[in-house]
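Q: Output the structure for:
(2 chains)
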Amino acid sequence: MPYALREALSAIRRTPLLTALSVIAIGFSLFVIGLFALTTFNIRRAIERVEEKVEIVAYLTDATTPAQLQLAQDEVRQLPEVQAVKYVTKTEALATAMEEMEEFRDVFTDLENNPLPASLEVRLKPGSRSPTSVEKVARRVGVYPFVEDVRYGKDWVNTIHTLRRIAGGVALVIGGAFALVAAIVIATAVRITVFARREEIGIMRLVGATDGFVQRPFLLEGLAAGLMGGMLAAALTFFTFRLLSGTFDVQWMPGAWVGVVVVAGTVFGLLSSVVAVRRHLSQVQ
Amino acid sequence: MIRLASVYKEYPRSGLALRDVTLHVRKGELVFLTGHSGSGKSTLLRLVQMAEFPTRGEVKVSGYDSLSVRRRDIPLLRRKLGVVFQDFRLLRDRTAEENVAFALEVTGTKRTLIGPRVNKLLTQVGLAHKARAYPDELSGGERQRVAIARALANEPLVLLADEPTGNLDAWAAKGVFELFREINSMGMTILMATHDLNLVRAHPEYRVVELAHGSIEYDSAAAAVEAGRA
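A: Okay, here's the model as predicted:
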């Protein structure tokens, strides 16, 4: 086993409390980030679910021929923003109306002619639900002469879009602040371990250890503490998720997000060790 | 081996610690560096280790020059110097043999060579039987012997000692100094700062350099040259 690894392990063994403390400090600061990620992920998911309901409805005149209809359907389907196009016949429209509006059921039943128009329901792809692309597709669909009217919840689309942008901005600011706090906590924890071992560092320098040699065990220690802290944070976040999922409709975030938190911990641990040891070394000869 | 040429050392707060010091320590010499506390003995030793650099003048130690040395060369210089302090500076959470081995490990000595070498060093300082003891379980004299073994671990050319007997009772001090003499007799250059005048007077065969207020007040080698001229 190389010296640096042995030394890092024995440092952890010699000062288990200090190691535990920095792992816990790193773990809890990343736990905050983890919780935040979980919240952000679920808010995003909720917004996406609402967005899925964004739909453009083109009402057709009764004179529309099957050929025209086919052509329109094919052309609209070709648009890059469009996910699916669904044709709703007059009969289907009536059935839906009767189902959804029970109090008017009698009125509908008594009708001699079906007054409801047939329609095309256009659903957009996940990335294309912004107000501009919704409007663009709506206008394109409205071009057909046999399209009487195009409807989409314009205000609704705008509101969702604004909400999404606010959520994104808030996530960036809060997430950034949390990450900064985590970095400071981790750096402090590592500086304490370096401070606790300043005597050792002094002797290493005294007997002629190179800077690289002095640094390596600390870097490994920082790396290990960061990794353990990251895993602790992931475990704590998952535990909280399990607690919450009983009461709320929350979903666990994708594995990549968890990976990012753990890797962030490891990198923070390593980087703050580099900074702390370098700073210390630059102050001693 | 060690050469100081017109060295000045000034600290921003406390002022001049060394004033125009010129000193040449030859290979194989044992030199007592004496003077009151605050006279500049420790500063001079720190300059030799290149733990600090002169404000003016030049320090040369076995091929390294304070004017041109790079930070990454300093560890290599340190391996040629063994340093011993009044307060021993042993790691309390390691045994005697681990403390000595530490100096070898951190300079990249092969692991298989470390064990036998540590054994030999502890035998040399008369502590082979206490290899597994922690510093707190050793007497002051024994701790200083461990520190000396550690200082010798990387086979240095020079041994620097800053008040090595300062914390020891007379008997232990005598033992430690005898060890220094023995090491010196094998060819090691030793520069030893001490204010123990009894020790210095008891060994007139060694060169004495006395510092006062940062300047060399007396150098027995120079005095001998003067006496020879007269």
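Q: near chain A, which residues of chain B show up?
A: Neighbours of chain A within chain B, by C-beta under 8 Å from any C-beta of the partner chain: B:49-52, B:71-72, B:74-79, B:83, B:89, B:91, B:93, B:102-103, B:105-108, B:150-151, B:153-154. Every C-beta, even on glycine, is put in place using the N, C-alpha and C of the backbone.
Q: Only the buried subset of those, as a ChimeraX command please.
A: To isolate the buried ones among those in ChimeraX, judged by 16 or more other C-beta atoms under 10 Å in any protein chain shown, type:
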select /B:49,50,51,52,74,75,77,78,79,83,89,91,102,103,105,106,107,150,151,153,154
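Q: Name the secondary structure element that contains the closest residue to chain B within the stretch 51-200 of chain A.
A: Nearest residue of the stretch 51-200 of chain A to chain B: A:E200, at 6.0 Å (C-beta to the nearest C-beta). Under the criterion of DSSP states H and E, A:E200 resides in helix A:198-206.
Q: ok, residues contacting that helix?
A: Contacts to helix A:198-206, defined as C-beta atoms under 8 Å, 6 or more residues apart in numbering or on different chains, come from residues A:194, A:213-214, A:277, A:280-281, A:284-285, B:49, B:75, B:78, B:83, B:89, B:91, B:102-103, B:106.
Q: what mean pLDDT would you report for the one helix or strand B:A222 maps to?
A: Per DSSP H and E: B:A222 is located in helix B:220-229. Helix B:220-229 comes out with an average pLDDT of 79.
Q: what's the first-to-last distance across stretch A:57-76?
A: Stretch A:57-76 has an end-to-end distance of 12 Å (criterion: C-alpha to C-alpha, to the nearest Å).
Q: How about stretch A:202-221?
A: Per C-alpha to C-alpha, stretch A:202-221 runs 18 Å from first to last residue.
Q: OK, contacts around the residue nearest to the spatial centre of chain A?
A: Closest to where the C-alpha atoms of chain A average out (C-alpha atoms, centre = their mean) is A:F41, at 4.1 Å. The contact partners of A:F41, taken as C-beta under 8 Å, 6+ apart, are A:Q251, A:M253, A:P254, A:W257.
Q: Which of these ranks first by neighbour count?
A: Of all those, A:M253 has the most neighbours under the rule other C-beta atoms under 10 Å in any protein chain shown, reaching 22 neighbours.
Q: Buried residues in stretch B:192-199, which are they?
A: Of the residues in stretch B:192-199, B:M192, B:A193, B:T194, B:H195, B:D196, B:L199 count as buried by neighbour count, 16+ other C-beta under 10 Å.
Q: Can you tell me which of the residues you listed is closest to chain A?
A: B:A193 (15.9 Å).
Q: and the buried residues of stretch B:192-199 as TSV, adding secondary structure and pLDDT?
A: Below are the buried residues of stretch B:192-199 laid out as TSV (DSSP: H, G, I helix; E, B strand; the rest coil; pLDDT from 0 to 100):
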residue	secondary structure	pLDDT
B:M192	strand	96
B:A193	strand	95
B:T194	coil	93
B:H195	coil	87
B:D196	coil	88
B:L199	helix	90
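Q: From those residues, pick the one nearest A:R123.
A: Nearest to A:R123 among the buried residues of stretch B:192-199, counting by C-beta to C-beta, is B:A193 at 87.1 Å.
Q: check contacts around that closest one.
A: B:A193 touches B:L33, B:T34, B:K41, B:S42, B:L44, B:L45, B:A161, B:D162, B:E163, counting by C-beta under 8 Å, 6+ apart.
Q: can you put these in CSV and add neighbour count?
A: As requested, the contacts of B:A193 are exported to CSV (neighbours: other C-beta atoms under 10 Å in any protein chain shown):
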residue, neighbour count
B:L33, 28
B:T34, 22
B:K41, 25
B:S42, 17
B:L44, 29
B:L45, 22
B:A161, 27
B:D162, 21
B:E163, 21
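Q: can you redo the residues you listed as CSV with distance to A:L236, secondary structure and pLDDT?
A: Shown next, in CSV, are the contacts of B:A193 (distance: C-beta to C-beta, whole Å; DSSP: H, G, I helix; E, B strand; the rest coil; pLDDT from 0 to 100):
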residue, distance to A:L236, secondary structure, pLDDT
B:L33, 59, strand, 95
B:T34, 63, strand, 95
B:K41, 56, helix, 93
B:S42, 51, helix, 92
B:L44, 56, helix, 95
B:L45, 52, helix, 94
B:A161, 54, strand, 95
B:D162, 51, strand, 94
B:E163, 53, coil, 93
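Q: if we take those, which one ends up nearest to A:T159?
A: B:S42 (74.6 Å).
Q: re the thing from before, tell me how far the residue nearest to the centre of chain A lies from chain B.
A: 45 Å (C-beta to the nearest C-beta, to the nearest Å).
Q: Near chain B, which residues of the stretch 51-200 of chain A? Just list them.
A: A:E199, A:E200.
Q: which residues of the stretch 51-200 of chain A fall in helices?
A: Using DSSP state H, counting those that start in this stretch, the helices assigned to the stretch 51-200 of chain A run over residues A:66-78, A:90-100, A:105-110, A:131-142, A:154-196, A:198-206.
Q: right, and A:A209 touches B:V106 too?
A: Yes: counting by C-beta atoms under 8 Å, A:A209 touches B:V106, with 3.7 Å between them.
Q: okay, now residue 224: neighbour count?
A: Here I'm looking at chain A. There are 22 residues near A:A224, going by other C-beta under 10 Å.
Q: Can you look at chain B instead?
A: 11.
Q: Could you do B:L16 as well?
A: Look at B:L16: counted by other C-beta under 10 Å, it has 16 neighbours.
Q: Then A:A189?
A: The number of residues near A:A189, taken as other C-beta under 10 Å, comes to 26.
Q: Alpha carbons only: can I get the lowest-mean-pLDDT helix or strand in chain A in PDB?
A: Least confident element among the helices and strands of chain A, by mean pLDDT, DSSP states H and E: helix A:105-110 (a mean of 72). Only the C-alpha atoms of helix A:105-110 are listed here, as PDB (Å, rounded to 0.1, in the frame of the first residue of the first chain):
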ATOM      1  CA  ARG A 105     -77.600  15.700 -21.000                       C
ATOM      2  CA  ASP A 106     -81.300  16.100 -21.700                       C
ATOM      3  CA  VAL A 107     -80.700  19.100 -23.900                       C
ATOM      4  CA  PHE A 108     -78.200  17.100 -26.000                       C
ATOM      5  CA  THR A 109     -80.400  14.100 -26.200                       C
ATOM      6  CA  ASP A 110     -83.300  16.200 -27.500                       C
END
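Q: Great, nothing more from me.
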